[in-house]
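>>> quick check, what structure comes out for this input:
(one chain, ligands or ions: 1)
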Amino acid sequence: MFKRLLLGATPALLGGCSGDLSALDPAGPRAANLATLWWVMLIGAAVLFGLVMALFALAYRRPAWITRVTPAQWIVGGGLVLPIPILIVLTGTALVLGEQLLPKGEAPVRVEGRAQQWSWHFTHPESALAPSEILHIPAGEPVDIAVTSLDVIHSLWVPRLGGKIDAIPGKVNIIRLQADEPGVYWGQCAEYCGEGHDGMRFRVEAHEPEAFAALLEGRAP
Ligand SMILES: [Cu+2]
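I've put the predicted structure just below:
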């Protein structure tokens, strides 16, 4: 029965790993870092869970040797030896992968993104491209998005291209995104901002660099 239930749930579970808004289907190096971190966290959690369940089973079976373990040994083993190596691996991975997400220096392309209940507007300063609800970016290059809000706090998130960042009124936050290949990606507001929040999606179009340059200059690619 359990097996049948598990088999039935598998397509639904795996279905969550792909799709337009899946952080587990990365399409750029920054999103890949986050997906790797997610898998490392999942494996770390599974290892800890497995170890605790093994101890739990031992407590029921009460083999003879377990009675020789003193309370002090349990505390050192369960409180230090068991969690410390796992936490070092998890924290170390999070620090290394997370640090690589920070924008360093200036990205070749900078876009201004404004959030407003319940849509996004993107502007390429000093370009012929009119402000648009579509975020146009070049493929294969890092892009900085300078994000702000005109009303309440929103959050810009393109799960297949990178992390998320808050859009705060009166403040500009910068996030760096990157798409490996030209194509269409989708973003979603990731901070509850009112009744239209769940529909606050936006389209991202990644272009070949030449087509992107043509777009910025107002030439047809
Ligand atoms: Cu929102």
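>>> in stretch 123-137, what's buried?
Across stretch 123-137, burial judged by 16 or more other C-beta atoms under 10 Å covers 124, 129, 135-137. In short, each C-beta sits where N, CA and C put it, glycine included.
>>> what's the answer for stretch 137-155, then?
For stretch 137-155, the neighbour count (16+ other C-beta under 10 Å) marks 137-139, 142-149, 152, 154-155 as buried.
>>> show me what from this structure comes close to the ion.
Residues of the chain found near the ion (C-beta under 5 Å from the ion) are 154, 189, 193, 197, 200.
>>> now for the residues you listed: which two are most distant?
By the measure C-beta to C-beta, H154 and H197 form the most distant pair in the residues of the chain next to the ion, at 8.3 Å.
>>> shared neighbours of those two, anything?
By C-beta atoms under 8 Å, 6 or more residues apart in numbering, H154 and H197 have these common neighbours: 189, 191.
>>> who touches the closest residue to P182 other than its chain neighbours in this structure?
Closest residue to P182 apart from its sequence neighbours, by C-beta to C-beta, 6 or more residues apart in numbering: A139 at 4.4 Å. Contact partners of A139, counting by C-beta under 8 Å, 6+ apart, are 179-183, 206-209, 212.
>>> could I get these as a markdown table with neighbour count, pLDDT and secondary structure?
Supplementary listing: the contacts of A139 in a markdown table, determined by neighbours: other C-beta atoms under 10 Å; pLDDT from 0 to 100; DSSP: H, G, I helix; E, B strand; the rest coil:
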| residue | neighbour count | pLDDT | secondary structure |
| --- | --- | --- | --- |
| A179 | 29 | 96 | coil |
| D180 | 16 | 96 | coil |
| E181 | 11 | 95 | coil |
| P182 | 16 | 97 | coil |
| G183 | 13 | 96 | strand |
| A206 | 26 | 97 | strand |
| H207 | 19 | 96 | strand |
| E208 | 14 | 95 | coil |
| P209 | 14 | 93 | helix |
| F212 | 23 | 93 | helix |
